[in-house]
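> Sequence and predicted structure are below.
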Amino acid sequence: MRKHYLDNIRSFAIAAVLVFHVFYLFNATGDVTNLKPGLGYLPLDVVEYAIYPWIMPLLFLVAGISARYSLSRRTNGQFLKERCVKLLVPFSAGALILGWINGWITDLSMNVFVFVAHIHDPLVRGVVYYLCYIMNVGVLWFLLELFAASLILVLLRVIDRGDRIWAWAGRVVSGRWGLAVLVGLVLPVWGSSMILNTPYVVAFRNGIYWFTFLLGYYFFSHEEALAKLKATSKYTSAAALIFCVATVIVFYGQQYTVPSFLESALVNAYLWAVILCLLGWAQTHMDGTGRAWTWLRNYSFEVYILHYPIMLLTAYPLVTYGPWPMWVNYVALPLIAFPLTALASVLLKKVPVLRFLLFGVRKRPAAA
């Protein structure tokens, strides 16, 4: 039976990404965005401290669980072929079709590609501008990182042909100390946050993203693990709330995309508590199949791909030409960009070529 709450966790996480990006674009802490830094109000950055630590590790862990279910019905080769269509095609086409928007808005905001203007030939100058712009892939980095994690998983499955690691993990989480093991995994998660991070490019936190993906596959795809989290969700919820408050208090006013924040013991304890909480709490409270959940499940991937360039196209004129106070932008951006993103997701998914290139979907979707 399909676990609808896992689909809904994914949809909830992507919705949280959209909310996060509203406050991220206007952050006052100086974290680098595609707009001029330091535009907004520092008290509102509390939203970013509350969301940023756990949002992507959660998505990778749920993707790892889903990979287990997918590989139970597919060979390694079929799985990788599917991943190429669903991840590599949208990453490549998205960078070429949408990526220039991110770079263009960044250049308008901060004039980062001023050197290109000195190229005399207009055709060459235009090509160079485009190539510089599409290097700013925005949120598409997630697709590339997830594909790399899938490759690592397939390699491990080839080495461990009998799937003994998964079976061993199942015995561990099913045992007497299974819950303690699930909680104690916070220690290697914390360690993974400190390794394989790319310099200057904060998005590619390879260590923690690949590790949480593998934890999803090997540990959290077991029914016993999910059952234990469901039974203890009220305790993990309380822990998540306590760690959230502590994180805001300790790091208030500091940047949240720097190693001192992302690699701290407190932040990693917070993100792990949220993940355990949501995996348990969602089984009871987010297992719905109503119209709203169904729409989100059908279009959450498209919303993820499209939302950031649409938000940039909305936010730039708001902060550049608007004669109103800054707080109006916090309200106007989601009111304008979110409906446009939903509309674009539905319309573009109906266009055969674009729905394949941008979303990796070959067949026409059912009526929403």
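Received it, and whenever you're ready, just let me know what you need.

> which residues does Ala344 contact?
Leu306, Ile310 (C-beta atoms under 8 Å, 6 or more residues apart in numbering). Glycine gets a C-beta too; all of them are placed from N, C-alpha and C.

> gap between the helix or strand containing it and the chain center?
Counting by DSSP states H and E, the element that carries Ala344 is helix 326-348. Using C-alpha atoms, centre = their mean, to the nearest Å, the mean C-alpha position of helix 326-348 is found 19 Å from that of the whole chain.

> after it comes which helix or strand?
That would be, after helix 326-348 and using DSSP H and E, helix 352-359.

> List the buried residues of that following helix.
Residues of helix 352-359 classed as buried: Arg355, Phe356, Leu357, Leu358, Phe359 (neighbour count, 16 or more other C-beta atoms under 10 Å).

> Looking at those residues, which one is closest to Thr294?
Of all these, Thr294 sits closest to Phe359, with 17.1 Å by C-beta to C-beta.

> Verify the contact between the closest one and Glu302 for me.
Yes - using C-beta atoms under 8 Å as the test, Phe359 is close enough to Glu302 to be in contact (5.4 Å).

> Now for the two: what residues contact both?
In terms of C-beta under 8 Å, 6+ apart, Phe359 and Glu302 are both contacted by the residues Leu348, Lys349.

> Check what contacts stretch 45-54 and list those residues.
For stretch 45-54, the surrounding residues in contact (C-beta under 8 Å, 6+ apart) are 16, 19-20, 23-24, 27-29, 31, 244, 247-248, 251-252, 256-257, 262, 267-268, 270-271, 274-275.

> ok, now stretch 71-87?
Residues outside stretch 71-87 that contact it (C-beta under 8 Å, 6+ apart): 67, 70, 143-144, 146-147, 150-151, 154, 157-158, 360, 362.

> residues touching the closest residue to Lys36 other than its chain neighbours, list them.
Nearest non-adjacent residue to Lys36, counting by C-beta to C-beta, 6 or more residues apart in numbering: Ser109, 5.4 Å away. The neighbourhood of Ser109, defined by C-beta under 8 Å, 6+ apart, consists of Asn34, Leu35, Lys36, Tyr316, Thr320.

> Kindly report the same for Ala239.
Contacts of Ala239 (C-beta under 8 Å, 6+ apart): Ala273, Leu276, Cys277.

> Which among those count as buried?
Ala273, Leu276, Cys277.

> And the helix holding Ala344, what's buried?
Quick answer for helix 326-348 (16+ other C-beta under 10 Å): 329-330, 333-334, 336-338, 340-342, 344-346, 348.

> cool, stretch 92-112 as well?
So, applying 16+ other C-beta under 10 Å, buried residues of stretch 92-112: 92-95, 98-107, 109.

> Surely Leu226 is in contact with Gly216?
No - at 11.1 Å, Leu226 does not count as touching Gly216 under the criterion of C-beta under 8 Å.

> How about the residue nearest in space to the middle of the chain: what's its closest non-neighbour residue?
With distances taken as C-alpha atoms, centre = their mean, Met56 lies nearest the centre of the chain, 4.2 Å away. By the measure of C-beta to C-beta, 6+ apart, the closest residue to Met56 outside its immediate chain neighbours is Tyr209, 6.6 Å from it.

> Check which residues of the longest helix seen in the chain are buried.
Across the chain, the longest stretch assigned as helix under DSSP state H is helix 291-321. For helix 291-321, a neighbour-count test (16+ other C-beta under 10 Å) marks 293-296, 298-316, 318-319 as buried.

> Same check on stretch 256-265?
Quick answer for stretch 256-265 (16+ other C-beta under 10 Å): Tyr256, Thr257, Phe261, Leu262, Glu263, Ser264.

> for that stretch, what is the average pLDDT?
Mean pLDDT, stretch 256-265: 93.

> what's in contact with it?
By C-beta under 8 Å, 6+ apart, stretch 256-265 touches 29, 31-32, 45, 48-49, 52-53, 190, 193-194, 197, 202, 205, 251, 254-255, 267.

> mind checking which helix or strand of this structure has the lowest mean pLDDT?
Lowest mean confidence among the helices and strands of the chain (mean pLDDT, DSSP states H and E): helix 122-134, at a mean of 87.

> Same question for the next helix or strand after that one: list its buried residues.
Using DSSP H and E, the helix or strand that follows helix 122-134 in sequence is helix 141-159. Within helix 141-159, the residues scored as buried using 16+ other C-beta under 10 Å are 141-150, 153-154, 157.

> same check, this time on stretch 31-49
Buried-residue list, stretch 31-49, by 16+ other C-beta under 10 Å: Asp31, Thr33, Asn34, Leu35, Pro37, Leu39, Gly40, Leu44, Asp45, Val47, Glu48, Tyr49.

> Hmm, the fourth one is touching Leu25, no?
Same thing as Leu35. Yes - if you go by C-beta under 8 Å, Leu35 and Leu25 touch, sitting 5.6 Å apart.

> Got phi/psi on Asn197?
Backbone geometry at Asn197, expressed as degrees, to the nearest 10, gives phi -90, psi 130.

> In contact with it, which residues?
Applying C-beta under 8 Å, 6+ apart to Asn197 gives the contacts Phe204, Arg205, Asn206, Gly207, Pro259.

> Skip the chain neighbours and tell me the closest residue to the second one.
Computed as C-beta to C-beta, 6+ apart, the closest residue to Arg205 that is not its neighbour in sequence is Asn197, at 5.2 Å.
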